[in-house]
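**Q** based on what follows, work out the 3D shape:
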Amino acid sequence: MASTIRTMCPMNCFPTLCGMLVEVEDGRLLGVRGDPDNPDSRGFLCIRGQASREIIGNPRRLMRTRRGDKLRRASWDEALDLIASRMHAAGREAVGTWVGHGLFTNNYGTRVGSHLVRRFSNLYGCQWWNPTMICWGLGAFGLGLTGILETNTKEDMGAHAAMVLLWGANLASQPNTARHLVAAKRRGAHVVTVDVRRTEAAAQSSETFLIRPGTDAALALGMMHVILRERLHDVEFIDRNTVGFDALKSHLEAYPPEWAAAITGIAAERIAALARRYATTKPAMVVLGGSSMHKGSNGWQGARAIGCLPAITGNVGVPGGGFGPRHGAAAHGQALNNDLVALDRRPPGRYSANQMPRITGALQAGDVRVLLLFGTDMMSSYADSGSLAKGLDRTDLVVSYDLFMNDTARRFADVVLPATAWLEELGCKSTNTHLYLMPKVLEPAGETRAIGWVLSELARRLEVADFYPWESDAGPLDAILDHSATGHATVEALRAEGGIRALNISHVAHPDLRFPTPSGKIELYSERAKELGLPPLPVHEDLAATRYSLKLCQGRTLTQFHSFYDHGRALPTLAAADPEPSLWISPNDAVERGVKDGDAIRVYNQRGEMQARARVTGDIPSGTVWMRDGWLGLNSLTGGAAVLPDEAVDIFGFSGGQATFDSAVEIALA
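**A** The predicted structure is shown next:
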């Protein structure tokens, strides 16, 4: 008899995480559908979630030894013995571990898989690098210097915001936010989009501002100039809750909207009108974009400057104000128990910084000889993938633990370990408001093994003591959930409650008006930034001149999110919906190059090139081109220089060590 079981979608579209009902019979998956009783998604399930049914039973699901040889079958003992012996020969400091979204499919928000890898790395004493550096960490670094890291919830936005400024926030990345945005609009909220192209968010907006890439800080500076010049700022809030206002006020005199217009490509009168509306509409909320918005030399400066806007207008600590849902952000009070990672037991060592270019450099220099990859396609995640490829070629052993082959595994992996899928292991996800149990529904397919088992077997071979002290797979989850924010939840308790528990959080960020800065206030002027050799006040810095005239940006679509499932190529529904790389280009730029809509083109610069199909559209301004991220060859075009100094990247507990990803390109007919 078929049974229906509640779980969560295995796509990690945070802050959108969707509830799912799966129907199984005799150990077979019959279908998936949205869970109408899930308080976050209310039955919604997009094309990505619907396609997840194609993971189970997929013939492409995955050991191979000696890269370049034909694929051959190996036993787990043979593979793990080989890995352990190579790790022992290299020495612990020459071993690196790196995890990606593919390891979070069953535990995004609780991160039990990532925490187990980090625990293993700490107890063993090898390199471990924080995965936030490739995603939201750089933007959050800018917000952290200002001090407003927490976010109001999407529910608060729908109920209270009178204005919503979608700044680089594409609703394809967080479709569950859309329902609450519509609710705010029905109440009369004014919705504005700021982005480098006309996205899905623009369809929900009364106004859209198409901005030149890397100029977000300039727009925010121009807006603040108008707000202060016209005395629209909140004097009382500023006096009580900020430091450095006088310095900021003097600083802003040099940034009138006319200056910002020349930088951003947005008319001065539109900048001034936006500033007035934001300052005089109470409460106003900014929904800030995730990783795509912050890729670039100025990525953190945009967030740093935008972070000052709620402060000078008093839009912090109030319903409907501050910042709305953002990738990687937490609500006030949201937390978990991180003792599991055993950071205090990490031995001293020569560890590479949590910087993308430092990791690439360590691979190229031979400082890392064995690399263990868990649920990640490193070549699609890292900037300047040509340099990364040279580093991967120098390693003695690359191991890939994943569901499917991917670009990195095909080119560089010596051993490929088959991973369990989301219905084949116990998990738990967390949104900003709720915990959701993900029970084990099916037995692991073939010879796939869960991450806890794989790491335990490596730990045993390497004589790493006390790696897995728990008696069951519920043990690590119970340890992570043991926090007042969850009500000290356990797997057993969640099962008894139907798999859903509300978190003990505030829907309003920073309601106590206390901030994670040295002063405890919002820092418009940051002494900490100055000490790190960074500008203490928000600034815009012009991008380096280049002979390539088109600025390449990348982002998300409804048919793809991150690189797992081989960029969706392994799932027929997603592969059919998004069959090849498509480059958005403006009509003017296309005409200048003799390119028509649908033409096969070559996208190139000094670093590399790739093939794509031209999409000529008025939804992107001249001088900018855009492509969905993850395509093979895209990151061969991107810059891999460091954005921040090494000593700055970890000051907030996550890594801001993203490379620049700056990329100016030219195109020609293929």
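**Q** how would you label residue 416: helix, strand or coil?
**A** strand (DSSP: H, G, I helix; E, B strand; the rest coil).
**Q** my bad, should have said residue 272
**A** helix.
**Q** list the contacts of it.
**A** 226, 257 (C-beta atoms under 8 Å, 6 or more residues apart in numbering). Every C-beta, even on glycine, is put in place using the N, C-alpha and C of the backbone.
**Q** what's the pLDDT at it?
**A** Here, the pLDDT recorded for residue 272 equals 98.
**Q** quickly note the distance from residue 213 to residue 56.
**A** Distance of residue 213 to residue 56, given as C-beta to C-beta, to the nearest Å: 40 Å.
**Q** those two: which has the busier surroundings?
**A** residue 213 (23 against 19; other C-beta atoms under 10 Å).
**Q** that one is in contact with residue 551, isn't it?
**A** Yes. Taking C-beta atoms under 8 Å as the definition, residue 213 is a contact partner of residue 551 at 4.6 Å.
**Q** hey, what's in contact with both of these two?
**A** Joint contacts of residue 213 and residue 551 (C-beta under 8 Å, 6+ apart) are residue 624.
**Q** distance of residue 240 relative to residue 522?
**A** 10 Å.
**Q** phi and psi next, for residue 550.
**A** phi -110, psi 120 (degrees, to the nearest 10).
**Q** so which bits of stretch 275-295 are buried?
**A** 275, 277-279, 281-295 (16 or more other C-beta atoms under 10 Å).
**Q** actually, stretch 473-484.
**A** 473, 474, 475, 476, 477, 478, 479, 480, 481, 483.
**Q** okay, and which of the residues you listed map to helices?
**A** Judged by DSSP state H, the buried residues of stretch 473-484 include 474, 475, 476, 477, 478, 479, 480, 481 as members of helices.
**Q** quick check, nearest of those residues to residue 451?
**A** residue 476 (10.0 Å; C-beta to C-beta).
**Q** quick check, central residue of this protein?
**A** residue 135 (3.5 Å; C-alpha atoms, centre = their mean).
**Q** for that one, which non-adjacent residue is closest in space?
**A** residue 291 (4.4 Å; C-beta to C-beta, 6 or more residues apart in numbering).
**Q** surely the one you found is in contact with residue 131?
**A** No. At 11.3 Å, residue 291 does not count as touching residue 131 under the criterion of C-beta under 8 Å.
**Q** what about the closest residue to residue 572 other than its chain neighbours, distance to residue 61?
**A** Nearest residue to residue 572 in three dimensions, chain neighbours excluded: residue 54, at 5.9 Å (C-beta to C-beta, 6+ apart). Distance of residue 54 to residue 61, given as C-beta to C-beta: 11 Å.
**Q** now for these two: what residues contact both?
**A** With C-beta under 8 Å, 6+ apart as the test, residue 54 and residue 61 both reach residue 570.
**Q** that older thread, and the residue nearest to residue 135, which of the three is it?
**A** Going by three-state DSSP: residue 291 is coil.
**Q** quick one: the strands in the stretch 251-400 of the chain?
**A** Applying DSSP state E, counting those that start in this stretch to the stretch 251-400 of the chain gives strands spanning 284-288, 370-374, 397-402.
**Q** now swap in the stretch 501-650 of the chain and tell me
**A** Using DSSP E, counting those that start in this stretch, strands in the stretch 501-650 of the chain cover 522-523, 550-555, 582-585, 600-604, 609-616, 624-628.
**Q** ok, how many other residues are close to the residue nearest to residue 572?
**A** 19.
**Q** likewise residue 366?
**A** Counted with other C-beta under 10 Å, residue 366 comes out at 12.
**Q** I'd say it and residue 392 touch.
**A** No. With contact defined as C-beta under 8 Å, residue 366 does not reach residue 392; the gap is 11.8 Å.
**Q** let me see the contact set for residue 527.
**A** Contacts of residue 527 by C-beta under 8 Å, 6+ apart are 518, 536.
**Q** which element is residue 97 on?
**A** strand 95-99 (DSSP states H and E).
**Q** tilt between the next helix or strand after that strand and strand 95-99?
**A** Using DSSP H and E, the next helix or strand after strand 95-99 towards the C-terminus is helix 112-124. Interaxial angle, helix 112-124 versus strand 95-99 (axes from the mean of the first three to the mean of the last three C-alpha atoms, to 10 degrees): 170 degrees.
**Q** list of residues touching helix 112-124?
**A** Applying C-beta under 8 Å, 6+ apart, the set of residues contacting helix 112-124 is 92, 95, 97, 99, 103-104, 106-107, 127-128, 131, 338, 340-343, 345-346, 374-375, 427-428, 451-452, 455, 458-459, 462, 464-467, 476-477, 480.
**Q** stretch 336-354 now?
**A** 92-93, 96, 110-112, 115-116, 118-119, 121-123, 125, 127-130, 133, 358-359, 361-362, 367-368, 430, 476, 479-483, 485-486, 646, 649-650, 655, 657.
**Q** next one: stretch 176-187
**A** 15-18, 40-42, 44, 154-155, 157-159, 161-162, 164, 166, 169, 171, 191, 204, 287, 324-325.
**Q** mind giving me the PyMOL select for these, buried ones only?
**A** Applying 16+ other C-beta under 10 Å to the contacts of stretch 176-187, the buried members can be selected in PyMOL as follows:
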select buried, resi 15+16+17+18+40+41+44+154+155+157+158+161+162+164+166+169+171+191+204+287+324+325
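**Q** name the SS class of residue 20, please.
**A** Applying three-state DSSP: residue 20 is strand.
**Q** buried only: go through the contacts of helix 112-124 for me.
**A** 92, 95, 97, 99, 103-104, 106-107, 127-128, 131, 340-342, 346, 374-375, 427-428, 451-452, 455, 458-459, 462, 464, 467, 476-477, 480.
**Q** could I get the ones in helices among the buried residues of stretch 473-484 as JSON lines with distance to residue 3 and pLDDT?
**A** As requested, these are exported to JSON lines (distance: C-beta to C-beta, whole Å; pLDDT from 0 to 100):
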{"residue": "474", "distance to residue 3": "21", "pLDDT": "98"}
{"residue": "475", "distance to residue 3": "26", "pLDDT": "98"}
{"residue": "476", "distance to residue 3": "27", "pLDDT": "98"}
{"residue": "477", "distance to residue 3": "23", "pLDDT": "98"}
{"residue": "478", "distance to residue 3": "25", "pLDDT": "98"}
{"residue": "479", "distance to residue 3": "30", "pLDDT": "98"}
{"residue": "480", "distance to residue 3": "28", "pLDDT": "98"}
{"residue": "481", "distance to residue 3": "26", "pLDDT": "98"}
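**Q** any chance of those residues in JSON lines, plus distance to residue 587?
**A** JSON lines is the format used below for these (distance: C-beta to C-beta, whole Å):
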{"residue": "474", "distance to residue 587": "57"}
{"residue": "475", "distance to residue 587": "59"}
{"residue": "476", "distance to residue 587": "54"}
{"residue": "477", "distance to residue 587": "53"}
{"residue": "478", "distance to residue 587": "58"}
{"residue": "479", "distance to residue 587": "57"}
{"residue": "480", "distance to residue 587": "52"}
{"residue": "481", "distance to residue 587": "53"}
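**Q** just the residues you listed now: which is nearest residue 222?
**A** Of those, the one sitting nearest to residue 222 (C-beta to C-beta) turns out to be residue 480, at 43.9 Å.
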